[in-house]
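S.K.: predicted model, plus sequence, below.
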Amino acid sequence: MFIKRTTKQIKGKTYTNHLLVESVATPKGPRHRVLCSLGSLSPAPRKEWLGLAHRIESALGGQPEFLPDSRVDAIVRQIEGQRASGRSPSGEPMTSATDGEGDLVAIHTDGIEILEAREAGPVHVGHQMWKRLGLDEILQEAGLSRRSRQLTEVMTLNRLIKPLSEHAMPGWIRRVATRDVLGADFEDLNHHALYRNLDHLHPQRVLIEKRLSEKERALFKLKKTILLYDLTSTYFEGKCLRNPQAKRGYSRDKRPDCKQVVVGLVLDEDWFPEAHEVFDGNRTDRTTVDEMLDAIEKRTGKNEWATVVIDRGMAFDDNLQQIKARKYHYLVASRQGERSAHFEEFEDDSGWEEVIRTPSPTNPFQKKTRVFIKRSAGQHGEVHVLCVSDGRKEKDRAIREKHEKRLLKDLQALSDRIAKGSLVDQAKINQGIGRLKERYARVARYYQIGYDPRTNQLTWQEDAEKKKKAENLDGGYMLKTDRQDLTPDEIWRTYILLTRVESAFRAMKSPLMERPIFHHVQERVQAHIFLCVLAYHLLISIEKMFLDRGIHTSWEALRQQLSTHQVVTVSLPASNGETLKIRKGTNPEEVHKEIYRVLGIPREVMKPVRAWCTDSH
């Protein structure tokens with residue numbers, strides 16, 4: 001035991017303290033432990049310190065001096081009281097820690113603080129999945145710098161976890177544990193750097209998508225024998241004068257007042273994206289098929305005899321010829337008018353087979369579906385499957401009645417214009433009639449519409465027989481394919497896989513926040529949508545790993561559970577005047593451990609970082 005004098009410079013002022021120290025054995029060898037502080041004044045001349053320390057040690061060991069020494073008695077009482085209460089000389093609770101040299105020091109537990117708590121669980125899972133998909137290596141192959149790869153990752157993680165605009169994204173990046181998990185500094189990051197990174201990313205989209213598809217095929221053993229193709233639209237805020245693709249068209253978001261682009265997406269049967277394209281906002285579905293097939297082959301190569309599944313908006317003869325010309329199979333829902341040729345078969349009650357579709361637990365929009373199907377003779381080697389759905393019957397009736405109401409309203413408006421004399425040219429009147437028939441083709445076919453120039457009147461009359469036939473077809477639709485090896489049940493279930501693209505679009509638009517788009521430059525719009533596709537790759541990879549283990553869940557549910565796993569800084573003020581700060585992850589809860597176990601990723605979100613400092617704040 002001995003007395004040690006210490007000094008510390010704080011804000012230019014020197015502070016002196018005297019400590020009573022003893023040597024203790026530790027697994028790493030002898031270390032010094034502070035017993036108590038003796039204050040700033042010297043307890044005795046320096047040459048007497050060792051003797052004073054020995055007398056204190058003897059008194060603590062039960063061997064007091066024959067002649068009492070007030071200094072020794074006071075220090076012994078101080079140490080014994082301190083030991084009994086577990087408190088420091090200042091009255092604060094104390095524990096022990098090691099300083100940078102491995103010495104044991106006392107910690108003022110009343111001064112312990114938990115600082116800079118950051119959400120870490122979702123970032124940790126997203127980062128680990130990013131590594132598993134080899135995206136950093138893929139981006140490096142695409143020529144992106146280390147900093148650009150880091151920015152691309154955090155931008156993708158933002159879309160996966162809490163999507164924000166590029167302007168608001170830097171603040172989010174600093175509010176969560178991206179720096180701790182990724183080991184990169186984002187303190188000075190601003191939105192201009194993110195915009196520039198979109199410009200770096202844009203030219204490499206095709207290569208990245210191609211390499212990512214190859215990686216996923218090997219990692220998850222994907223078959224990729226079915227290609228599910230559908231389109232959606234996503235709208236803009238603003239006029240978008242610098243983006244020639246931004247145009248008004250049919251809005252799936254019910255925002256006809258906004259300019260938009262059309263996004264085409266191809267998934268395989270396991271929901272993994274194969275390719276995507278961004279089209280002009282007024283592009284019609286049927287004109288995109290050949291271009292999308294080109295995109296697939298650029299990214300995944302030619303997978304001959306794969307089955308391309310598309311909806312009725314692309315079920316035209318020229319579209320089917322485009323698919324067959326590339327040696328693919330096709331499976332489509334026929335257009336509404338093609339059902340009429342099978343009206344008697346729809347009316348016939350015999351030969352129907354009942355099939356049940358059980359909703360996916362991860363899709364809240366999906367309901368249990370009962371459908372009756374039967375095979376019908378097709379033409380040119382096609383197989384036709386007639387389907388009747390109770391749920392679809394109500395939907396078809398509502399759509400038909402809505403279109404009929406609008407048709408009658410527009411016919412009356414056209415008639416009023418003719419009667420008022422604001423429309424007198426017979427050719428233009430006939431053009432107006434033709435436009436209404438085209439706009440409301442679903443219901444105009446069972447109305448006889450004409451114009452009598454002698455009476456200058458527009459007339460229309462319902463064909464009750466045709467309308468009754470249309471009502472009887474409510475809920476009915478027809479599938480057709482060139483595949484002869486599938487049963488009607490297999491054909492129907494394969495077509496229903498197309499709803500997975502709709503689910504992917506919902507994921508990209510809602511949790512991944514693809515819409516609305518605030519960029520006005522075409523390349524940045526396309527790069528923004530590409531980031532959403534990258535985030536969807538991470539999302540579906542995570543859900544796939546749970547599904548392969550028989551666990552039906554969604555990324556949104558997992559994200560909420562993971563949000564309570566955090567990274568914090570523990571601030572420990574020591575008796576030597578310094579503060580030990582430890583940056584580490586909180587202990588994972590059981591729900592976190594289970595998620596990490598299923599995904600096969602480490603429980604520890606980061607390696608603890610320790611640092612001593614003189615200012616506790």
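M.R.: Received, thanks.

S.K.: all helices of the stretch 101-250 of the chain, in order?
M.R.: Counting by DSSP state H, counting those that start in this stretch, the stretch 101-250 of the chain has helices at residues 121-132, 135-141, 146-161, 169-175, 178-182, 191-201, 205-220.

S.K.: can you give me the buried ones in stretch 123-133?
M.R.: 123-130, 132-133 (16 or more other CB atoms under 10 Å). All C-beta atoms are positioned from the backbone trio N, CA, C, and that covers glycine.

S.K.: likewise for stretch 246-259?
M.R.: The neighbour-count check on stretch 246-259 (16+ other CB under 10 Å) flags 246-247, 249, 251-252, 255, 258-259 as buried.

S.K.: before we move on, what about stretch 192-206?
M.R.: Result for stretch 192-206 [16+ other CB under 10 Å]: buried residues 194, 197-198, 200-202, 204-205.

S.K.: same thing with stretch 492-500?
M.R.: For stretch 492-500, by 16+ other CB under 10 Å, it's 492, 494-500.

S.K.: also stretch 384-402?
M.R.: For stretch 384-402, by 16+ other CB under 10 Å, it's 384-389, 392, 396, 400.

S.K.: surely F316 and R286 touch.
M.R.: Yes. Taking contacts as CB atoms under 8 Å, F316 lies within contact range of R286: 5.3 Å.

S.K.: list the contacts for the spatially closest residue to S145 that is not a sequence neighbour?
M.R.: In space, not counting the residues next to it along the chain, S145 is nearest to H200; the distance is 7.9 Å by CB to CB, 6 or more residues apart in numbering. Residues near H200 by CB atoms under 8 Å, 6 or more residues apart in numbering: 144-145, 148.

S.K.: please report the distance of M169 from I161.
M.R.: Separation of M169 from I161 (CB to CB, to the nearest Å) stands at 11 Å.

S.K.: more neighbours: those two, which one.
M.R.: I161 (25 against 22; other CB atoms under 10 Å).

S.K.: for the more buried one, what are its contacts?
M.R.: I161 touches 122-123, 126, 176, 559, counting by CB under 8 Å, 6+ apart.

S.K.: kindly recompute the last result at 10 Å.
M.R.: By CB atoms under 10 Å, 6 or more residues apart in numbering, the contact set of I161 is 119, 121-123, 125-126, 172, 176, 178, 511-512, 535, 538, 555, 559, 562-563.

S.K.: sorry, back to before: and which of the buried residues of stretch 492-500 is nearest V76?
M.R.: R500 (77.9 Å; CB to CB).

S.K.: mind listing what that closest one touches?
M.R.: Contacts of R500 by CB under 10 Å, 6+ apart are 228, 230, 267-271, 309, 360, 363, 540.

S.K.: same question for P244.
M.R.: Per CB under 10 Å, 6+ apart, neighbours of P244: 280, 522.

S.K.: 7 Å instead, please
M.R.: Q522 (CB atoms under 7 Å, 6 or more residues apart in numbering).

S.K.: where does it land on pLDDT?
M.R.: Listed pLDDT for P244 reads 93.
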